[in-house]
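Based on what follows, work out the 3D shape:
(chains A and B)
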Amino acid sequence: MKSRLIAISFLILFTCLVSKSNSQTLPFKSYSIQQGLSESVVHSLIQDDKGFIWVGTGFGLNRFDGLRFQQYYESHGLPDNRVNAIHQGGDGQLWLGTDSGAAVMHNDSIYTPDNLRALDGMTILDIFHDRNDEHWFSTQGNGVWRLDAAGELKNISDAHGYRGLQVRSVQQTPDGTVWIGTRGGLIRHKDREFKLITENDGLPEQRIRTLEVDYDGNLWIGTERGLILKSNDEFYHFHHDHGLNNLNIHSVTALDDGTFWLGTEAGASHFDGQNFRNYTTEEGLSAVLVYETMEDREGNIWLGTLGGGLNMFSGERFLNFNVDNGLTNNVVTGFEEDHNNHIWIATYGGGVLRYDGENLQHFGEQHGLSDSKLYSILEDSENRLWFGGRDGIHIFEDGSIQKLSEDLFPYGVVRRIVEDDYEDGVFWIATYNDGVFRFDGSKYRQFNTESGLLNNTVMDIKRDKEGTWWFATYGGVAAYDGDSFQHYTIGDGLPSNGVIHIHIDHEDRKWFSTFNGVAIMEDDEITAPAGDEQTGIITYFTTQDHSNQYWIGTNRGIFRFNPDKFFEADSRIERIKAFKLFNQKHGLIANELNAGASFVASDGTLWLGTVEGLSQFFPDRVQPNNTPPGIEFEEIMVSGMMVTDSDKNVFPHDQSFIQFNFIGLSFESSERILYEYKLEGLDDEWQTTRERVVQYPSLTPNQYRFRVRAYNADGVQSSHTLSYAFTIKPPFWLQWWFIALLILAVGGLILFYYRYFKATKQIDIEPMRVQIASDLHDDVGSSLTELALQTDFLRAGNISDELRDTLKQLGDQSRKIVSSLDDIVWSIDARNDTAGDLTDRMQDYVNHIFRSGQPEVRYSFDKLNMDEKLPVHIKENIYLIFKEAVNNISKHSNATEVDIEFAMKGRDYQLLVKDNGSATNGLKKSGQGLRNIKLRARRINADLELSKNGGYTVKVEGKI
Amino acid sequence: MIKVGIVEDNVKIRDLIQKYLDMQDNLSCKAAMDSVEDMLEYMEKNDPPDVMLMDIQLPGMSGIEGISIIKEKYPEVEIIMLTVYHDSHKIFNSLMAGASGYLLKHTSLPEIKESIETLASGGAPMSPQIARKVIQHFSDKQQVKKPESNLTPREQDIVNGLVDGLSYKLIADRYDISIDTVRAHIRNIYKKLHVNSKAEVIAKSLKGEI
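Residues are numbered from 1 along each chain as shown, chains lettered A, B, ... in the order given. The predicted model follows:
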């Protein structure tokens, strides 16, 4: 707690210091509490084999993925919130050294294995893994401990008689010697030897903080008094004399290229073996003290600071200027290089500045400038400088500035001045309000809408190889061949008529930067290349550096664009890869550039004007990032539930909302990672996104495989493609076994019914009938009812129409089966065997069939004793004959009246169903229906009479 | 908000109906029990529901018995019988016991919802089959009847209409009354049935049958 308070007060102090110093001028990208780091004091840093960066702070462990910090604390199992050391073992497991013992992290869970328990309570400062698979723990005051490959932990220094050692760091040189850095000297440990080397043995400084072995196997020792190289048996001491600005070294990192980064109490130093380049808060570090240094696999340098969190350095690609370090105004509108190779800078509100490579010199009102709001600068062939601005043209000659007399040129708001390279002394002037002018020093000729120009706002002037002038206007592009204008507008393929800048490249292609992206014109054909976010983007200029790379300035930073790659691309992803964005995150001073505010200097650097200052850009320092990005699943969610076990991949049909969160790991441009994904089973093509999440709501039952891969900002694909195969099972009622079961059940039922009735001919046992009826009622009926209700319930949910339809059919079908079952149950239920029950049922059926009330049905049950019992088979067959007859009427007859008669006299009964439908129609009865009627009449030995006589009559007569 | 209660021993059917009804904006279905006993216990501690769906065959006390008891204690609770089959005997018995309507279990969920709403707004369903039973009941000379519980001519008309399979709408048209009036009449018929059945019980008990 105390250390935390101190850290916080330090933080406040440093924040004040930082804000007072000059603004960030080098691209140290800083990540601290604001970005989600658990604390701003960084003690340990590693990159794991997947590509995550792990940050141990004074309060918590963090996993950084380029955008987000995931935090771990004591509540997750850390022995102490201060994490001094992180190490990844060969099996991927993380070893953590804290202020109160050690722990390991395995599959996101942190715990202390029993064999590390002896370290409990100790401050672990370093964990080292040697070639014999032994782990070394450096402790503060408790010596050095070794965990051997067999899992046995032992205090090595105690065993050799050195008690209470303050150990800082352990390393191993290629000869197998283990080196132990302590506050009281260096210990050489090999075989059985355990030898302390101190100042007496020629060690220049024995208060050791850190050890590092370089790629040549040399041991480097960071001490409280400079850097020591131990080569063979010699010590070399590097300190102030060699250019190191601070001798208190906390960290040394050896790079692949043979150079070193040091973390010191004054910042960070880059050491090439001879000279130190020191970086302090002046150069943009977020804090004074650097505790930890690390190189990630992309070559970015990570600095862990005291109070400023993390700083990432990926090269000095931008040198920035603004009002804090010498500019007179942050709105930088134009540049020019004079014959002395000095760069002139036009600002909007701050006059002009001259930069000689070291200092900025300001020219303004005191030198004769009537207005400090300028747009452009031109040095003419006589080394005069022309300033175009809001108040017309000023000319700088022999140390003083003169406004071009209004008698000679009475127009203001000059956007661009170009010298005619064919005619001596002739200038072309673009104005914001008055069109374009040809000016020969004494006379001018105006071209505006009256002389054929589409718009009087002219932003830029360029001349092509054939001598044609090209004007960028707010009404499109105008080409002037000396006689007439030719116009190019949206109709010709321009993305916008608001054209800001024209660039003509070596191949005589014209690049038009517009308010809606860039357009390229080649052989009169205009195309507008678009990456994945090029629409709606304002492009302010296009330029080419000395290596012929194209740079497009926009309101989102500057894009490097490769047109060859773009036009050869045959897929969207290839086209997107033709663009690479550089913005504030890479060190550019601001993302909003200015119209036409770019300049390629003779030294190959690019000068870029923005609304918040200017950047000098070194395109040759941009190294392609060839390191494949990592790609990992963050989580897979199925209908709101996280899939924790990656083996679980079969889901029921109602869990069809699937979300994939994944992380591409590249830190050079972490926000510019592009993902390509595909759901096999649904997508035919790969899709692209810059989001880290893909969702699939309501997948239909199928087998799927989700695949995703990442591309870094340079288009390098991740070394592998993640994949997750899963199955969404069809709902049980669409699965073959269910359908089969249903058919079987119904089939079985019919069979049972049939057999049962065969049986009842011999034994007619009432209780059995009732039993069977109620069994059917209870089991089959309620199951089918459940099914029907289930479909209703599902239909009420949010599902596709197609599925809703299927469910409806399914529900209807189940209900139909229940109805049939109802008939069966009714007829075998012994409680329903009176004539009254039969006629009730008949009437119900009629009501059910003729719902509309048509045709009119007349019943005649007068000669009937409603309480008279009917034998089951007679009741059933009469009812079924009746049903067929009524069905026939409803399906095939145009009858308007139906007479139904059922009468009993003694043991004789008679059923009559008669309609008045026309005969022709009445005859068109289904063969099956008639066959059924005949069959059933035969079963009960009844006489059947079918006749058509002004309608159709079914008459059944029989005896009980 | 109409409070609905369910007594149904088939867990799946009960859960489905409950979940569906509870999802509706105008309905709340908190009490879903698998026996009349549980429902009675629930109603002692909580507000009784406005409408209750009641299965006939239940473990313990049967639904028909349950209706009598519930109607006795909570006469304002409207009870709809839920049954798997068109068992007109049981349905009619339950109506006699005081139920205000019946639904087949395989009636679709939206229709169940609609019936509850109709009942809560004063309507009552009656099928032609039931109507026939009603006629039979009231014309049965042997039944013990209170004089005030005989059907009025208009009620008789409506029951006849139902037996003919006419919809409420057609009945309303035929007699030039509103559908709501038809519903009110039907409700009244149910009440009379109930009164009769109570009278019958009393009469029977007087005769020492119970």
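
rest of the way, CA atoms for contacts and neighbours
Fine.

Can you get me a residue count around residue A:688?
By the measure other C-alpha atoms under 10 Å in any protein chain shown, the count of residues near residue A:688 is 18.

residue ranges of the strands in chain B, please?
B:2-7, B:27-33, B:51-55, B:78-83, B:101-104 (DSSP state E).

can I get these in a markdown table with distance to residue A:476?
Formatted as a markdown table, the strands of chain B follow (distance: least, C-alpha to C-alpha, whole Å):
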| stretch | distance to residue A:476 |
| --- | --- |
| strand B:2-7 | 68 |
| strand B:27-33 | 64 |
| strand B:51-55 | 74 |
| strand B:78-83 | 77 |
| strand B:101-104 | 75 |
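
closest to residue A:782 out of those?
strand B:78-83 (9.7 Å; C-alpha to C-alpha).

Report the closest residue of chain B relative to chain A.
residue B:106 (4.9 Å; C-alpha to the nearest C-alpha).

which residue packs closest to that residue, ignoring adjacent ones?
Distance criterion C-alpha to C-alpha, 6 or more residues apart in numbering or on different chains; nearest residue to residue B:106, sequence neighbours excluded, is residue A:785 at 4.9 Å.

Domain ranges for chain A, per the record?
With domains defined by automatic domain parsing, chain A comprises A:122-197, A:320-621, A:630-730, A:732-832, A:835-960.

chain center to the shortest one, what's the gap?
The reference is to domain A:122-197. In terms of C-alpha atoms, centre = their mean, to the nearest Å, the centre of domain A:122-197 is found 44 Å from the chain centre.

so how far is the first residue of that domain from its last?
In domain A:122-197, first residue to last residue: 25 Å (C-alpha to C-alpha, to the nearest Å).

Do me a favour and average the pLDDT over it.
Over the span of domain A:122-197, the pLDDT mean works out to 92.

again with the longest one
The predicted model assigns domain A:320-621 a mean pLDDT of 91.

Tell me the buried residues in stretch A:589-609?
A:589-601, A:605-609 (16 or more other C-alpha atoms under 10 Å in any protein chain shown).

Stretch A:610-621 too?
So, applying 16+ other C-alpha under 10 Å, buried residues of stretch A:610-621: A:610-619.

Surely residue A:911 is in contact with residue A:902?
Yes. With contact defined as C-alpha atoms under 8 Å, residue A:911 counts as touching residue A:902 (4.6 Å).

one step back: generate TSV for the domains of chain A, with distance to residue B:181 as supplementary columns.
Listed next are the domains of chain A as TSV, based on distance: least, C-alpha to C-alpha, whole Å:
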stretch	distance to residue B:181
domain A:122-197	88
domain A:320-621	66
domain A:630-730	45
domain A:732-832	31
domain A:835-960	21
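
separation between residue A:296 and chain B?
54 Å (C-alpha to the nearest C-alpha, to the nearest Å).

what's that residue in contact with, if anything?
Residue A:296 makes contacts with A:47, A:302, as judged by C-alpha atoms under 8 Å, 6 or more residues apart in numbering or on different chains.

What separation do you get for residue A:958 and residue A:606?
For residue A:958, the distance to residue A:606 equals 110 Å [C-alpha to C-alpha].

repeat for residue A:555
From residue A:555 to residue A:606 the distance is 17 Å (C-alpha to C-alpha).

isn't residue A:288 right next to residue A:263, touching?
No. Applying C-alpha under 8 Å, one finds residue A:288 not in contact with residue A:263, separated by 10.0 Å.

quick one: which of those two has more around it?
Using other C-alpha under 10 Å, the more surrounded residue of residue A:288 and residue A:263 is residue A:263, with 29 against 22.

Quick check, the more buried one in contact with residue A:303.
Yes. Look at residue A:263 against residue A:303 with C-alpha under 8 Å: they come within range, at 7.3 Å.

sorry, back to before: compare the strands of chain B and give me the one nearest residue A:529.
With respect to residue A:529, and counting by C-alpha to C-alpha, the nearest of the strands of chain B is strand B:27-33 at 57.9 Å.

Let me see the contact set for the nearest residue to residue A:394 once chain neighbours are set aside.
In this structure, residue A:394 finds its nearest non-sequential neighbour in residue A:403, 4.2 Å apart by C-alpha to C-alpha, 6+ apart. By C-alpha under 8 Å, 6+ apart, residue A:403 lies in contact with A:368-370, A:392-395.

one more time with 10 Å, if that's ok
Residues near residue A:403 by C-alpha atoms under 10 Å, 6 or more residues apart in numbering or on different chains: A:368-371, A:386-387, A:391-396, A:409.

Please determine how far it is located from residue A:720.
64 Å.

about what we covered before: which ones among the contacts of residue A:403 lie within strands?
Among those, the members found in strands (DSSP E) are A:386-387, A:392-396.

Could you tell me which residues within stretch A:537-556 count as buried?
A:537-545, A:550-556.

Spell out the secondary structure type for residue A:683.
Classification of residue A:683 by DSSP: H, G, I helix; E, B strand; the rest coil places it in coil.

ok, the residue of chain A at minimum distance from chain B to residue A:731 distance?
Closest to chain B within chain A is residue A:785: 4.9 Å, counting by C-alpha to the nearest C-alpha. Distance of residue A:785 to residue A:731, computed by C-alpha to C-alpha: 17 Å.

out of these two, which sits in the busier spot?
residue A:785 (25 against 12).

check which helix or strand covers that one.
Per DSSP states H and E: residue A:785 is located in helix A:782-796.

hmm, back to that, give me the pLDDT value at the residue of chain A closest to chain B.
pLDDT, read off for residue A:785, is 81.

Give the full set of residues in contact with it.
Residue A:785 sits in contact with A:779, A:791, A:811, A:814-815, A:817-818, B:12-13, B:84, B:104-108, where contact means C-alpha under 10 Å, 6+ apart.

again with residue A:363
Going by C-alpha under 10 Å, 6+ apart, residue A:363 touches A:328, A:346, A:350-354, A:369, A:372, A:396, A:399-401.

out of those residues, which are buried?
For the contacts of residue A:363, buried by 16+ other C-alpha under 10 Å: A:328, A:346, A:350-354, A:369, A:372, A:396, A:401.

Show me the buried residues of stretch A:589-609 that map onto strands.
Using DSSP E, A:593-600, A:606-609 are the members of the buried residues of stretch A:589-609 that sit in strands.

and chain B, which of the residues you listed reach it?
Near chain B, taking C-alpha under 10 Å from any C-alpha of the partner chain as the test, no member of these is found.
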